[in-house]
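**Student:** Show me the folded form of this:
(chains A and B)
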Amino acid sequence: MSKPTQLRIAGGTVYDPANGGGAGGADGVVRDVCIEGDRIVAELPASARRLDARGMVVMPGGVDIHAHIAGSSVNHARRLLPEEHAADPMPAPRLDDGAITRSGSGGTVPSTFATGYRYAGLGYTTAMEAAVAPIAARHAHAELDDTPIIDAGFFVLLGNDDYLLRQLGAGEAARARDYAAWLLGTTRAYAIKIVNPGGVEVWKGGGDRRNVSGLDDAVGSSAVTPRKILEALAGAANALGLPHPVHIHCNNLGQPGNAATTLESMKALSGQRAHFTHLQFHSYGGAAGNGWSSAAREVIEYVNAHAAVSVDVGQVMFGAATTVTADSPVEHLLYASSGRKWVNVDIELESGCGIVPYAYREKAAVAALQWAVGLELFLLANDPWRVVLSTDHPNGGTFLSYPELIRLLMDRAYRDERLKRVNQKLLAGSALLDGLSREYTLGEIAIITRAGPARLLGLKTKGHLGPGADADVTIYASDSDRAQMFAAPRYVIKAGTLVVEDGQLRRAPAGRRLAVRPEYDAAVTKDVKRFFDQYACVAFENYGADPVA
Amino acid sequence: MIDRTVANVTCLGCGCACDDITIVVTQDRIAEARNACALGIAWFGDGTVPAETRVNGRTASLERALTEAARLLTGATRPLVYLAGDVSCETLREGVAIADRLHAAIDSLAATAATAVLAAQRRGRAGATLGEIRQRADLVVFWAVDPSARYPRYGSRYAVAPRGVAAPQGRKDRTLIAVDVGEALGPADADGRLAIAPADEVDSLEIMRATVQGRTVGEEARFRAAVELARRMTEARYVAIVTDGEPGTTSADPARAEALVTLSQALNAPTRCALSTLRGGGNRSGADAVLTWQTGFPFAVDFARGYPSYQPQAGAAALLGAGEVDAALVIGAPAALPVPVATALARVRSVVIGPRASAATFQPAVAVDAGVAGIHEGGTAFRMDDVPLPLRPSFEGARAALVTVRALRERLGP
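**Tutor:** Below is the predicted model of the structure:
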């Protein structure tokens, strides 16, 4: 066996908030980071190869807690956007080791290879696909297999699952939990995702009702409500000891006045760990037909005061986006109001899928409000460990806009300049317009882009640079233009391999899959099989990521 | 007598991809394909495939065939890769990698449904997986198609007969309407039917959409039945409109596909509606999906510039027809190639790797027989609605397409 590669990243300013350095806004610490094989180690012999990082900023590789990058919904979106792909071609990169690379195309929903290369080029080494219907798990894994470099996993959709809702209706809490555990394992998923609990089921049901509007609306004729779905799945995730708590996209996404629903959802799970995703899209005041306003302060103050709650922001960035979500009734509204092209796919017994290409314009009142709400959530948050940077890629903007978002957070003068240019119509009384002086420090950026999401995902070997951590390291040349700095890291190391050097992609190893396999009472599979025999169009034995049999 | 049975086998005889087939193997032959329709029984056959390897018509070693294939393809100035049927997504992924490496044009069997795909790219679509139509649909409108001919179990497994969550009595809970457009007839056993002259078809669809949207439309007598159907659709709880994405024996108005998309989208304002576009077998939907995720485009991709560009008007048939192509690689079964493609392939040097390659009518320079995905080889295939399914081989021992195509890719170097 050949000796594992050794590398000393020497003399950089290290931001490793999980291990004490840089937490709470403190400066980084000048120290060496030592790598042996694919791990961080405490020390190396003096003879080890050195990478001179003096004057540079060293952080763990970025961790994206919520993005739409692989699977059937994403692929429907890709198919819908040939013009975007034609406008952003990506030739195959040339690598140092002569290894085969692949060409592709970008736009808001890039091809799989472009996704992997571009994440790595941004210094991100881990990403979570946020919404996979269980029936399409096999597809999502195949796409992740074709997404190089980054370690990746996905969240499996359960908030509108027919079998699950039946168990809740019958008061079979234990069986619901066993089902969730079985499903996670059989689809090789990482966490439980809820999207608009009950709302997609109502949308698919046809008739007069189009969606649910509150936590206590009936879903179908049974006693099932969004509240019960939230409680059951949050409880299941915690009881099963999953590394990441239930990942929740609340009801009423994008609706004026939805902050009330968001807060009610948080309160419904009071005391339980739960992650509320793309909070920006759920933090609006006002009321239907009666204007929009920011309710960011109210929502984030609740988050600040409740340690069991974590969030990612889902910032809106001006420019092109593609909305792609399992929240299909919302996409129908967006289609009706925008007149753009629209995909809807009802997914048998499980979920939905809706897609509308979109653009956020700074001169548009609602887009400007959304932009401001996201920034307010960031700037009013007390605990960066529970408030993660995201754009809900590609819904609020693509992951390539993260550097620009970091600049908005770190540079008040720049932010105020941008604020002057946006439509102010709906910003009256907003905290941002009143003047928020906070500027994120590099230490805080290290938390909201890597240490925090890694901790919330329960990825013990990611998001930090202590001995035993994965050797995923990003090294930036310091630049007062933080957008520039974060857009083009000088070096990116993934599992000990130097993948980006001098801003150029040099190597493209395969990433690893992140998945869980919780224990469950196997009796549940008999009942699930009976349900399959009665209603499903895929054999129980053919379901999941691998044949069960 | 019975050697073995293999249950839960997925059939690729058409796009339905029924995964409830039990294969009975007797004396190393398929004796029975239980649950399969006539198309499926024909697709499974007796399970035998030739195992020839030929270079210029003569038997050769695999080594020699792959060397010759690599020489031929790397020496071409305008190579074409064609993804044919009966190979797994895993093999298709290798095929796209080869096209990328060669800077080749690449197309697939998915291009047969180009009209429907392009309409969906312009407008989007309102759709559902087949199983959701089963659960929900109370009104099923067959638009100029009777699935029983080319998709025999579509009705019994998905849209018509089976009991669903919102259709507990199955067929009894659904109303079937046949729309006959010229000679393209809907199912004979529909509960109601109307006939539309081909020249009136697209106008009828537009008038139906106007009706759904509550816009006033003239009550011309020839559109009265269509308007009536539109009203009936708005009153249903969940409408499924079934259309054939594959070309038929009679030519259809090219604007039909888009008009069906916009009608089905519009129906989602007053009620719910899904358009179900029927597609053929052989895992062509897998080729569409793989090409889309690897390149961003579903068919007719050209890597000539070192990156994928989309040439929906200049796919394989057009390139071959124009004499542009000087070498072709066909991955999959040559027997199911579209006729213009197969005919034109006779005029270029070609390599075929796939089931019954050695029987290709266009006399490939290199022919390497492989097993059939789903009969001799595992992997993944996509149903016509993009639901992925595992393939379960009933036999071992046939040469696998995946490892053969991968070996060719590796031979091409980086």
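**Student:** Next up, the contacts around the residue in the stretch 351-500 of chain A positioned nearest to chain B.
**Tutor:** At 7.1 Å from chain B, residue A:355 is the closest residue in the stretch 351-500 of chain A, using Cβ to the nearest Cβ. C-beta coordinates here come from the backbone N, C-alpha and C atoms, glycine included. Residues touching residue A:355, when contacts are defined by Cβ atoms under 8 Å, 6 or more residues apart in numbering or on different chains, comprise A:73, A:76-77, A:80, A:322-325, A:331, A:342-344, B:124.
**Student:** That one: what's its closest spatial neighbour, skipping adjacent residues?
**Tutor:** With Cβ to Cβ, 6 or more residues apart in numbering or on different chains as the criterion, residue A:355 has its nearest non-adjacent residue at 4.1 Å, and that residue is residue A:343.
**Student:** Who does the helix or strand containing that neighbour pair with, and is each partner parallel or antiparallel?
**Tutor:** Residue A:343 is part of strand A:342-347, with elements assigned from DSSP states H and E. When pairing is defined by DSSP bridges, strand A:342-347 lines up against strand A:351-360 (antiparallel), strand B:124-128 (parallel).
**Student:** how many neighbours does residue 81 have?
**Tutor:** Let's take chain A. Residue A:81 sits with 26 neighbouring residues when counted by other Cβ atoms under 10 Å in any protein chain shown.
**Student:** wrong chain, I was asking about chain B
**Tutor:** A total of 27 residues lie near residue B:81 under the criterion other Cβ under 10 Å.
**Student:** could you measure it against residue B:334, distance?
**Tutor:** To residue B:334, residue B:81 is 14 Å away according to Cβ to Cβ, to the nearest Å.
**Student:** can you tell me the residue of the stretch 151-300 of chain A closest to chain B?
**Tutor:** Nearest residue of the stretch 151-300 of chain A to chain B: residue A:206, at 3.8 Å (Cβ to the nearest Cβ).
**Student:** For that residue, list the residues it contacts.
**Tutor:** For residue A:206, the residues meeting the contact criterion (Cβ under 8 Å, 6+ apart) are B:136, B:138, B:166, B:236-238, B:271-272.
**Student:** Please render the strands paired with strand A:342-347 as a markdown table that adds distance to residue B:364 to the earlier fields.
**Tutor:** Supplementary listing: the strands paired with strand A:342-347 in a markdown table, determined by distance: least, Cβ to Cβ, whole Å:
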| stretch | distance to residue B:364 |
| --- | --- |
| strand A:351-360 | 41 |
| strand B:124-128 | 37 |
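**Student:** how about stretch A:453-460: buried residues?
**Tutor:** Neighbour counts using 16 or more other Cβ atoms under 10 Å in any protein chain shown place A:453-459 of stretch A:453-460 among the buried residues.
**Student:** again with stretch B:303-321
**Tutor:** By neighbour count on 16+ other Cβ under 10 Å, the buried set for stretch B:303-321 is B:303, B:307-312, B:314-320.
**Student:** which of these come close to chain A?
**Tutor:** The subset of these within reach of chain A, by Cβ under 8 Å from any Cβ of the partner chain, is B:303, B:307-310.
**Student:** Quick check: closest non-adjacent residue to the closest residue to chain B within the stretch 201-350 of chain A.
**Tutor:** When Cβ to the nearest Cβ is the measure, the stretch 201-350 of chain A has its nearest residue to chain B at residue A:348, with 2.9 Å between them. Computed as Cβ to Cβ, 6+ apart, the closest residue to residue A:348 that is not its neighbour in sequence is residue B:131, at 2.9 Å.
**Student:** Validate this expectation: the one you found resides in a helix.
**Tutor:** Yes. Checked against DSSP: H, G, I helix; E, B strand; the rest coil, residue B:131 lies within a helix.
**Student:** give me the number of residues near it?
**Tutor:** By the criterion of other Cβ under 10 Å, residue B:131 has 25 neighbours.
**Student:** Could you report the separation of the closest residue to chain A within the stretch 51-200 of chain B from residue B:381?
**Tutor:** Proximity of the stretch 51-200 of chain B to chain A (Cβ to the nearest Cβ) peaks at residue B:131, 2.9 Å away. When Cβ to Cβ is the yardstick, residue B:131 and residue B:381 sit 16 Å from each other.
**Student:** Skipping adjacent residues, who's closest to residue A:303 in space?
**Tutor:** Nearest residue to residue A:303 in three dimensions, chain neighbours excluded: residue A:309, at 5.2 Å (Cβ to Cβ, 6+ apart).
**Student:** How about the contacts made by that neighbour?
**Tutor:** For residue A:309, counting by Cβ under 8 Å, 6+ apart, the contacting residues are A:266, A:274-276, A:302-303, A:386.
**Student:** I'd like the residues you listed written out as CSV, with secondary structure, neighbour count and pLDDT added.
**Tutor:** Formatted as CSV, these follow (DSSP: H, G, I helix; E, B strand; the rest coil; neighbours: other Cβ atoms under 10 Å in any protein chain shown; pLDDT from 0 to 100):
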residue, secondary structure, neighbour count, pLDDT
A:266, helix, 23, 98
A:274, strand, 25, 98
A:275, strand, 26, 98
A:276, strand, 25, 98
A:302, helix, 15, 98
A:303, helix, 23, 98
A:386, helix, 23, 98
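**Student:** For the residues you listed, work out which two are farthest apart.
**Tutor:** Checking the contacts of residue A:309 against each other with Cβ to Cβ, the farthest-apart pair comes out as A:275 and A:302, at 14.4 Å.
**Student:** List the buried residues in stretch A:84-102.
**Tutor:** Under the neighbour-count rule (16+ other Cβ under 10 Å), stretch A:84-102 has A:84-85, A:88-90, A:92-93, A:95, A:101-102 buried.
**Student:** Take these and keep only those in helices.
**Tutor:** Of those, the ones assigned to helices by DSSP state H are A:84-85.
**Student:** need the residues of the stretch 51-200 of chain A near chain B, please.
**Tutor:** Looking at chain B, the residues of the stretch 51-200 of chain A close enough under Cβ under 8 Å from any Cβ are A:70, A:72, A:74-76, A:78-82, A:84-86, A:89-92, A:98-100, A:102-105, A:107, A:109-113, A:135-136, A:138-139, A:142-143, A:146, A:162.
**Student:** Residue 119: which element?
**Tutor:** I'll assume chain A. Counting by DSSP H and E, the element that carries residue A:119 is helix A:112-121.
**Student:** right idea, wrong chain: chain B
**Tutor:** Take DSSP H and E as the rule and residue B:119 turns out to sit in helix B:114-123.
**Student:** Name the surrounding residues that touch that helix.
**Tutor:** In this structure, residues lying in contact with helix B:114-123 by Cβ under 8 Å, 6+ apart are A:79-80, A:82, A:341-343, B:110, B:125, B:243, B:245, B:254, B:257-258, B:260-262, B:265, B:277, B:288, B:298-300, B:312, B:315.
**Student:** For residue B:236, which non-adjacent residue is closest in space?
**Tutor:** That would be residue B:139: by Cβ to Cβ, 6+ apart, it lies 3.7 Å from residue B:236.
**Student:** correct me, but the one you found touches residue B:241?
**Tutor:** No. Counting by Cβ atoms under 8 Å, no contact exists between residue B:139 and residue B:241, whose distance comes to 9.2 Å.
**Student:** Which of these two has more residues huddled nearby?
**Tutor:** A count of neighbours by other Cβ under 10 Å puts residue B:241 above the other of residue B:139 and residue B:241, at 24 against 21.
**Student:** Sweet, I'm off.
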